[in-house]
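K.L.:
build me a model:
(chains A, B, C and D)
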There are 2 protein chains.
Amino acid sequence: MTKRTKKTGLPQELSVGDVARRSGVTVSTLHFYETKGLVSGYRNAGNQRRYPRSILRRVAVIRIAQRAGLSLSEIREALETLPNGRQPSIRDWRRMSGAWRDALQDRIESLLKLRDQLDLCIGCGCLSLTDCPLRNPGDIKGKSEEIT
Amino acid sequence: MTKRTKKTGLPQELSVGDVARRSGVTVSTLHFYETKGLVSGYRNAGNQRRYPRSILRRVAVIRIAQRAGLSLSEIREALETLPNGRQPSIRDWRRMSGAWRDALQDRIESLLKLRDQLDLCIGCGCLSLTDCPLRNPGDIKGKSEEIT
DNA sequence: CATTGACCTCAACCTTACCTGAGGTTTTAT
DNA sequence: ATAAAACCTCAGGTAAGGTTGAGGTCAATG
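P.N.:
Just a heads-up that it's a prediction; the model follows:
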C-alpha cells in the first residue's frame, strides 16, 4: 500500500496494487490497459507506476462501457476525444455515456426482436428457410427452390 | 454440386459445399463445427463428407442459439441431450429454444438494467463508488473509507 | 539492515470462433 | 480422357481480452 497522507488517511497517489484493489480489476489487466492506451500514469523514482485518483473513475468508465458492449478499442477512441488527455468531466461523461446508451439500446432492440421471433417460432417449430424470420434475419427471400 | 435426383431436382445427400451454400456458413466453419462435435455426417467412398438434409436445420439451430448468446460448447451440450443423436424434432426444438429464450431474456434484462442505470447516471455523472449503481453492480456497500 | 511483499519487463500462453494455405485426392464436366 | 472444380488433412494464423511465469528490482516493516 502506498503511504498515506497523515491528515486524511487517503493516499494522494495510487500504486497499481491500490488501483487494482479499489477498482476491481487485476494488476495484469491494468498493465494490459496501459499497453492498449486506455490508461496511463507516471513513474516514481524507482520506475513503479503511480496514478492520480482520477484513474479510478476512468477504470469505472471503461468497465461500464464494456458491459454496454463496446470493444476496448472503441472505448479508447471515445476516451481519446477528451481534450488533451483530460480525465472525463461530468460533461464528457454525459456525452460519451449518451452515445453508449444509444448503442446499448440498439443491441437490446435486436435481442428483443430475436426473442420475439423465438416466441413465435417455438410454437411452430418450422424453421422454414424461406419463411421463418429466425432463419432469415435479413428478410431476404430465398430462391425459388425449396431448401429444407 | 452433388448429383440430383431426377424426379425432384433436390439432392438427397449434401456435400459440404452444398451445405455451406444453403446454410450460409463457410466450408471451413462446417469442418470446425465437426471438430467441436456440433455436426456430423458420413463419408462417401472417396472420403468426402456427405450429410442428410437435416443438417440444414441443425446448422440453423446452431446459428440461432449463437445469436441468442450461447457459446458453441453450450450449444453442443444442448444438442447432445437429443436422444441417440437424433436430429431435433419439433418437440426437441421447442424444449431447447424455450430454454434459450429464457437465457436470452436474462441477458436482455441485465442490459435493460444497465441502460436504466445509465439513464439515471448520465444526468448526475457522479459515478460514486459506494452509491452509484453503475459502479456497484452487485449492490455491495463499500468499506467505511471513501474511495473516489 | 535484512527480509518480504509489491513491482518491473518481456515473452509465452489461454480461450473462443473461426480462416488460410500447402500439398494431395476425388468428382464432375467437356 | 482430361482438365477444372471441389474435397481432403493438417499445421499455423487471427483477433480480443487477458493471464502466467521467469528473472530481477524496489520499498515498507521488524
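
K.L.:
and the nearest residue to A:Gly17 once chain neighbours are set aside, what is it in contact with?
P.N.:
Spatial nearest neighbour of A:Gly17, chain neighbours left out: A:Val27 (6.3 Å); criterion: CB to CB, 6 or more residues apart in numbering or on different chains. (C-beta placed from N, C-alpha, C; glycine too.) For A:Val27, the contact set (CB atoms under 8 Å, 6 or more residues apart in numbering or on different chains) comprises A:16-17, A:20.

K.L.:
gap between A:Val27 and A:Glu74?
P.N.:
Applying CB to CB, to the nearest Å, the value for A:Val27 to A:Glu74 is 24 Å.

K.L.:
same deal with A:Gly24?
P.N.:
A:Gly24 is 21 Å from A:Glu74, by CB to CB.

K.L.:
could you do A:Leu111 as well?
P.N.:
19 Å.

K.L.:
quick one: which of those two has more around it?
P.N.:
A:Leu111 (19 against 15; other CB atoms under 10 Å in any protein chain shown).

K.L.:
which of the helices or strands spans that one?
P.N.:
helix A:90-124 (DSSP states H and E).

K.L.:
how far off centre is that helix?
P.N.:
Put simply, helix A:90-124 sits 15 Å off its chain's centre (CA atoms, centre = their mean, to the nearest Å).

K.L.:
can you confirm whether it lies near chain B?
P.N.:
Yes. Using CB under 8 Å from any CB of the partner chain, we find that helix A:90-124 touches chain B at A:90-91, A:93-94, A:97-98, A:100-101, A:104-105, A:107-108, A:111-112, A:114-115, A:118-119, A:121-123.

K.L.:
again, but for stretch A:73-81
P.N.:
No. Shown here: stretch A:73-81 not in contact with chain B (CB under 8 Å from any CB), separated by at least 13.9 Å.

K.L.:
the helices in chain A, which residues?
P.N.:
A:16-23, A:27-35, A:54-67, A:72-80, A:90-124 (DSSP state H).
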